[in-house]
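> structure of the sequence below:
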Amino acid sequence: MSLSASELKRLLTFTEKLAIDAGKILSEGFHKPKRVRYKGVIDPVTQFDIKSENFIKSKILKRYPDHSFLAEEGDPIESGSEFRWVIDPLDGTVNYAHGFPVYSVSIGLQYRGESVVGVVYDPEADEKFAASLGHGAFMNKKRLRVTSEKSLQKALLATGFAYSIRTARVNNLGMFARMAKRAQGVRRLGSAALDLCWLGAGRLDGFWEYELHPWDTAAATLIVTEAGGKVTRINGGSYSIFNKDILASNGHIHKAMKRVLHQRRK
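Residues are numbered from 1 along each chain as shown. Predicted structure coming up:
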């Protein structure tokens, strides 16, 4: 049994308000002193990550007490429900901690393992990216479509680097160098959720990254596909939010990106 259009609409409306309200918590804290602790050498968390996540969880549990959760800062909750919320309360914590105004709230909802609702909110730009399965993607009230660019040479791409960049065997630096020579430009924003949303909005033509987590992509990949884009693993295989690597594009440059990413180092 699939969810009805009216059920999806109710869930999407609830998620949109939740993301905006959580975004207000982050924007109110953006210029305030931050207590930063580190989960790893360069992997920070602030009191506002925690405050945002606690707010989101409390609101969902009040409305849907039997649903499961997977969130960046807290322990997962597996209730046996067919619904799972996948939450990044602050995507772009390094940016946020430094006062660099590129960060977002990302809230995705899965039903029977499939992403059905996704909302990413950028508090600084007041841009709400949202999608529900089969009903398109929107930025505020504007319908989103990926670009029609067919040439990698004319494409603007984005990527990111994992917190394990100093120690990981695969660290994306070589791929970044190769792609920088082939594309028109490559950007590094620091929020994978916004990278993907900007792809869906036609501001970027493609995106790839390694060492991602489910909460980084659960909402935004639905926004990309509902905007007409393509999402796979870097090797071209089918993508799950539980995969660590991702290749997303407008569809037209997908094969070209894959070829460059798989070139042997010369």
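> which stretches of the stretch 101-250 of the chain form strands?
Taking DSSP state E, counting those that start in this stretch as the test, the strands found in the stretch 101-250 of the chain are 104-111, 114-122, 127-132, 137-139, 142-143, 156-159, 185-187, 206-209, 230-232, 246-249.
> in a markdown table, list those strands along with distance to Leu26 and mean neighbour count.
For glycine as for every other residue, the C-beta is placed from the backbone atoms N, C-alpha and C. Converted to a markdown table, the strands of the stretch 101-250 of the chain look like this (distance: least, CB to CB, whole Å; neighbours: other CB atoms under 10 Å):
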| stretch | distance to Leu26 | mean neighbour count |
| --- | --- | --- |
| strand 104-111 | 7 | 28 |
| strand 114-122 | 9 | 26 |
| strand 127-132 | 14 | 25 |
| strand 137-139 | 19 | 23 |
| strand 142-143 | 23 | 10 |
| strand 156-159 | 21 | 22 |
| strand 185-187 | 22 | 16 |
| strand 206-209 | 22 | 26 |
| strand 230-232 | 26 | 20 |
| strand 246-249 | 24 | 26 |
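> dump those to CSV, plus distance to Ala219 and mean pLDDT.
Formatted as CSV, the strands of the stretch 101-250 of the chain follow (distance: least, CB to CB, whole Å; pLDDT from 0 to 100):
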stretch, distance to Ala219, mean pLDDT
strand 104-111, 4, 98
strand 114-122, 3, 97
strand 127-132, 8, 98
strand 137-139, 11, 98
strand 142-143, 18, 98
strand 156-159, 17, 97
strand 185-187, 20, 96
strand 206-209, 14, 96
strand 230-232, 12, 98
strand 246-249, 13, 98
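> those strands: which one's closest to Cys197?
The closest of the strands of the stretch 101-250 of the chain to Cys197 is strand 127-132. By CB to CB, the value is 4.1 Å.
> ok, residues contacting that closest one?
By CB atoms under 8 Å, 6 or more residues apart in numbering, the surrounding residues in contact with strand 127-132 are 8-9, 11-12, 15-16, 19-20, 116-122, 137-140, 144, 197, 200-201, 220, 222-223, 226-227.
> try it again with 7 Å
Strand 127-132 is contacted by residues 8, 12, 16, 19-20, 116-121, 137-140, 197, 200, 222-223, 226 when judged by CB atoms under 7 Å, 6 or more residues apart in numbering.
> kindly report the domain assignment for this protein.
5-143, 152-261 (automatic domain parsing).
> out of these, which one sits most buried?
domain 152-261 (a mean of 20; mean count of other CB atoms under 10 Å).
> how close does Leu8 get to Val119?
Separation of Leu8 from Val119 (CB to CB, to the nearest Å) stands at 12 Å.
> find residues that contact each of these two.
With the criterion set as CB under 7 Å, 6+ apart, the contacts of Leu8 and Val119 do not overlap.
> next up, phi/psi of Ser6, please.
Main-chain torsions, Ser6, degrees, to the nearest 10: phi -70, psi -40.
> swap in the one 10 residues further on?
The phi and psi torsions at Glu16 (degrees, to the nearest 10) take the values phi -60, psi -50.
> tell me the mean pLDDT for the host helix or strand of Val260?
Following DSSP states H and E, one finds Val260 within helix 254-261. For helix 254-261, mean pLDDT is 96.
> can you list the low-confidence ranges for the stretch 151-266 of the chain?
Applying pLDDT under 70 to the stretch 151-266 of the chain flags the ranges 162-170, 264-266.
> and the closest residue to Ser238 other than its chain neighbours, bridged to which residues?
Computed as CB to CB, 6 or more residues apart in numbering, the closest residue to Ser238 that is not its neighbour in sequence is Thr232, at 6.6 Å. Legend: beta-bridge partners of Thr232 under DSSP bridges are Leu247.
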